[in-house]
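# return a 3D structure for these sequence lines:
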Amino acid sequence: MTPLRYYFLTLLFIYNLAYSQNTPALTEHQVKNVATLSKIWGFLKYYHPNVANGNYNWDEQFLLVLPKIKDAKTKDECSAVFTDWITSLGIVKPCKSCEKETAKKYLNKNFDLSWTQDSNLFTPQLSQKLKYIEENRFTGKHKYITVNSVGAVAIINEPYYNNYDYPDADKRLMSLAKYWNTVEYFYPYKYLTDTKWNDVLTAMIPKFWNAKNASDYMLAVLQTTIKLDDSHAQTGFETYFTGDTYIPARIKIINNTAIVDKLYNDSLAKIDDIKIGDILLKVDDKTIAEIISEKMQYISASNISGKLRSLQYYLAYSRTGTPKITFSRNGNVTEKTIKNYPANLVFKTTSAPKWELLQENIGYANMAQLEDKDVDKLMKEMTATKAIIIDLRTYPNFLPYMLSNYLNADEKAFCNIVVPDVSYPGKFIWKDLKTTGKSNKNYYKGKVVLLVNELTQSRAEFAAMMLQTANNAVTIGSQTAGADGDVTKFYFLGDYKSMISGIGIYYPDGSPTQRTGVKVDVETHPTVKGIQEGKDEVLEKALDYLK
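Residues are numbered from 1 along each chain as shown. Purely as a prediction, here's the structure:
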């Protein structure tokens, strides 16, 4: 264990011991009341004109109403608290422009304000008030939200809380309410989650309330983000639970077998005698299956491919800093102790050709190394090749619009985008089809093969969609990460950063890439045998296809 890591864990232990809170558990009825308050508080924050324009300290309002609503015993009592609260916020004037908003082309799969009319929760008077606010909502310059250059929501003007690693119970509930409502109104893929977002709120309220220390609170935050099933939904402190030091090698899970398929740092790997093809069997006497079961609960990802991809960083982690591993090499099982290292020592930048000519007049372009300024020279050298393989098993340095111009004979639509409508929170507007390519009689005439896998995420997936429009294009590989679109960043109380996919990306036919990944024409996967033989089987599959 590194000295800094040891120091951090010791401080956190002392902090947790000293500041552990014991709060009475919420009853089921109180949980329901808090969930309702959280939803109304978020609704008013984004819809009520006198709140959305910043006339009130809205965090303070949550904390003022919370004890009243916790103590309310009946529907009438709850409704009276909410009705008095809304009345105190002032008059809502009729909105002359709101009817025009309904004429937009919307993706409505996320939108649901039917709860405001739930007769089991609210009196008719309260439901009427909420409906009136929806129909006469705020449409001006918002205090708490704006949009960035690509149309994703940017969260602004949220109060900053210093020294809040472990907020008190009421503020922990407010922290959850902030996060839940940001997702509720501005996460385009909310309808794709495995767990309904309403159910997440109810399930997480007791966990936030009952968190006895900073570690419990951090875990509750992490468990909430994981429910989004979004590889973009990260908190930044996952490594507190999974480990933040690493062995100098990548471990890939293939059919429940953990095998070293890449060395991040040759020198460090040589010190511990780690080689490509080594099969990991145990770490500190835990089997790989046990480690997977333990670590998976801390990993946020859009699909199982993404979870297993992230898991590879943590398989050989030990809090001692020197895990005891049992591994197999060439059929011989050995046990030894190796070292964990800080990220800055492990993950070295590697150099590789930006492009090269492979066998039988086939070109290869490495999108991890290629830059936008190289495209003209690349395509000039590839003009006479019979095919070009574009490797997207990485995060590219640029969006390949210029490259796409070379590969297409005409302009083509490659994606549909939806962006949040900040004038009608919860709704998402379909933008015009996004196009790539241009009229080009001298376009590249050879075949185009795209290589993808679980490392193909976000910009790489968007790039794949763009390049799939190329004449004679085929995509070879396996399921991609399924996290497409620009991100929206925001914070839980405690300065715990988080983010979500902020815009929705779809194929022109309306099929999503979120969670499913981009379309793959020829599916192929690495094998244990292939890795041990030093093969890149996905690349070999592409070469076989071109033959």
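
# tell me the contacts of the residue nearest the centre of the chain?
Geometric centre of the chain, nearest residue: residue 232, 1.7 Å, by Cα atoms, centre = their mean. Taking Cβ atoms under 8 Å, 6 or more residues apart in numbering, we find residue 232 in contact with 458, 483, 485, 487, 499-501. Every C-beta, even on glycine, is put in place using the N, C-alpha and C of the backbone.

# ok but it is inside a helix, no?
No. Using DSSP: H, G, I helix; E, B strand; the rest coil, the assignment for residue 232 is coil, not a helix.

# return the backbone torsion pair for it.
Taking degrees, to the nearest 10, you get phi -80, psi -20 for the backbone angles of residue 232.

# that one and residue 188, how far apart?
According to Cβ to Cβ, to the nearest Å, residue 232 and residue 188 sit 11 Å apart.

# please enumerate the shared neighbours of the two.
485, 501.

# in terms of secondary structure, what does the longest helix anywhere in the chain contact?
Secondary structure of the chain per DSSP state H: the longest helix is helix 28-47. Using 3 or more Cβ pairs under 8 Å, 6 or more residues apart in numbering; DSSP states H and E, the elements in contact with helix 28-47 are helix 49-52, helix 58-71, helix 75-88, helix 124-135, helix 169-186, helix 197-210.

# just those: most buried one?
Across those, averaging neighbours per residue (mean count of other Cβ atoms under 10 Å) puts helix 169-186 on top, at a mean of 23.

# can I get that one in CSV, CA atoms only?
What follows is helix 169-186 as a C-alpha-only set of coordinates in CSV (Å, rounded to 0.1, in the frame of the first residue of the first chain):
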residue,chain,number,x,y,z
ALA,A,169,-29.1,13.2,7.6
ASP,A,170,-31.4,16.0,6.2
LYS,A,171,-28.7,17.3,3.8
ARG,A,172,-28.0,13.7,2.7
LEU,A,173,-31.7,13.5,1.6
MET,A,174,-31.4,16.8,-0.1
SER,A,175,-28.2,15.5,-1.9
LEU,A,176,-30.2,12.6,-3.2
ALA,A,177,-33.1,14.8,-4.3
LYS,A,178,-30.7,17.1,-6.3
TYR,A,179,-29.2,14.1,-8.1
TRP,A,180,-32.5,12.3,-8.7
ASN,A,181,-34.2,15.3,-10.2
THR,A,182,-31.3,16.1,-12.5
VAL,A,183,-31.6,12.6,-13.9
GLU,A,184,-35.4,12.7,-13.9
TYR,A,185,-35.6,15.8,-16.1
PHE,A,186,-32.3,15.8,-18.1
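
# so how far is that helix off the chain centroid?
Averaged C-alpha coordinates place helix 169-186 at 17 Å from its chain's average position (Cα atoms, centre = their mean, to the nearest Å).

# same question, stretch 414-429
Distance of stretch 414-429 from its chain centroid, counting by Cα atoms, centre = their mean, is 18 Å.

# start to end distance for stretch 464-482?
By Cα to Cα, to the nearest Å, the extent of stretch 464-482 from end to end equals 12 Å.

# I'd like the numbering to begin with 582 instead of 1 from here.
Taking 582 as the first residue, the last one we looked at is stretch 1045-1063.

# same question for that stretch, mean pLDDT?
What stretch 1045-1063 shows for mean pLDDT is 96.

# what of stretch 776-789?
When pLDDT is averaged along stretch 776-789, the result is 98.

# then stretch 729-740?
pLDDT averaged over stretch 729-740 gives 92.

# what's the end-to-end length of it?
20 Å.

# stretch 897-908 now?
Start-to-end, stretch 897-908 (Cα to Cα) is 11 Å.

# quick one, helices of the stretch 782-931 of the chain?
795-807, 820-823, 847-852, 869-876, 885-892, 924-927 (DSSP state H, counting those that start in this stretch).

# out of these, nearest to residue 661?
Closest approach to residue 661 among the helices of the stretch 782-931 of the chain is made by helix 795-807 (30.5 Å; Cβ to Cβ).

# mind listing what's buried along that closest one?
For helix 795-807, the neighbour count (16 or more other Cβ atoms under 10 Å) marks 795-807 as buried.

# how about the lengthiest strand in the chain: buried residues?
Longest strand of the chain, by residue count under DSSP state E: strand 993-1001. Within strand 993-1001, the residues that count as buried by 16+ other Cβ under 10 Å are 993, 995-1001.

# closest to residue 893 among those?
Proximity of those to residue 893 was ranked by Cβ to Cβ; the top entry is residue 996 with 29.5 Å.

# my guess is that closest one contacts residue 1015. True?
Yes. Between residue 996 and residue 1015 there is a contact at 4.9 Å, judged by Cβ atoms under 8 Å.

# and the helices of the stretch 782-931 of the chain: which comes nearest residue 710?
Residue 710 lies closest, by Cβ to Cβ, to one member of the helices of the stretch 782-931 of the chain: helix 795-807, at 29.5 Å.

# residue 899: how many residues sit nearby?
For residue 899, the tally of surrounding residues (other Cβ atoms under 10 Å) stands at 20.

# tell me how many other residues surround the closest residue in space to it that isn't next to it in sequence.
Take residue 899 and drop its neighbours on the chain: the residue closest to it by Cβ to Cβ, 6 or more residues apart in numbering is residue 865, 5.4 Å away. Residue 865 has 16 neighbouring residues, counting by other Cβ under 10 Å.

# next up, the contacts around residue 865.
Applying Cβ under 8 Å, 6+ apart, the residues near residue 865 are 899, 901, 904-905.

# the residues you listed, buried ones only, as a PyMOL selection?
The following PyMOL line selects those of the contacts of residue 865 that are buried, judged by 16+ other Cβ under 10 Å:
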select buried, resi 899+904
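
# max pairwise distance over the contacts of residue 865: which two?
901 and 905 (8.7 Å).

# residue 1051 and residue 710: what is the separation?
Per Cβ to Cβ, residue 1051 is found 55 Å from residue 710.

# also residue 608?
Counting by Cβ to Cβ, the separation of residue 608 from residue 710 is 27 Å.

# before we move on, back to that, from the contacts of residue 813, which shows the smallest pLDDT?
For the contacts of residue 813, the pLDDT minimum is residue 1066, 85.

# you'd agree it is up against residue 768?
No. Applying Cβ under 8 Å as the test, residue 1066 and residue 768 come out as separate, 10.3 Å apart.

# so for those two, which residue has more residues nearby?
residue 1066 (29 against 26).

# count of neighbours near residue 654?
Residue 654: 9 surrounding residues under other Cβ under 10 Å.

# enumerate every residue touching it.
Taking Cβ under 8 Å, 6+ apart, we find residue 654 in contact with residue 610.

# that's a helix at it, yeah?
No. Using three-state DSSP, the assignment for residue 654 is coil, not a helix.

# now it: how far from residue 701?
Residue 654 is 15 Å from residue 701, by Cβ to Cβ.

# tell me the contacts of the closest residue to residue 664 other than its chain neighbours?
Nearest residue to residue 664, sequence neighbours excluded (Cβ to Cβ, 6+ apart): residue 707, at 5.1 Å. Residues counted as contacts of residue 707 (Cβ under 8 Å, 6+ apart) are 660, 663-664, 667.
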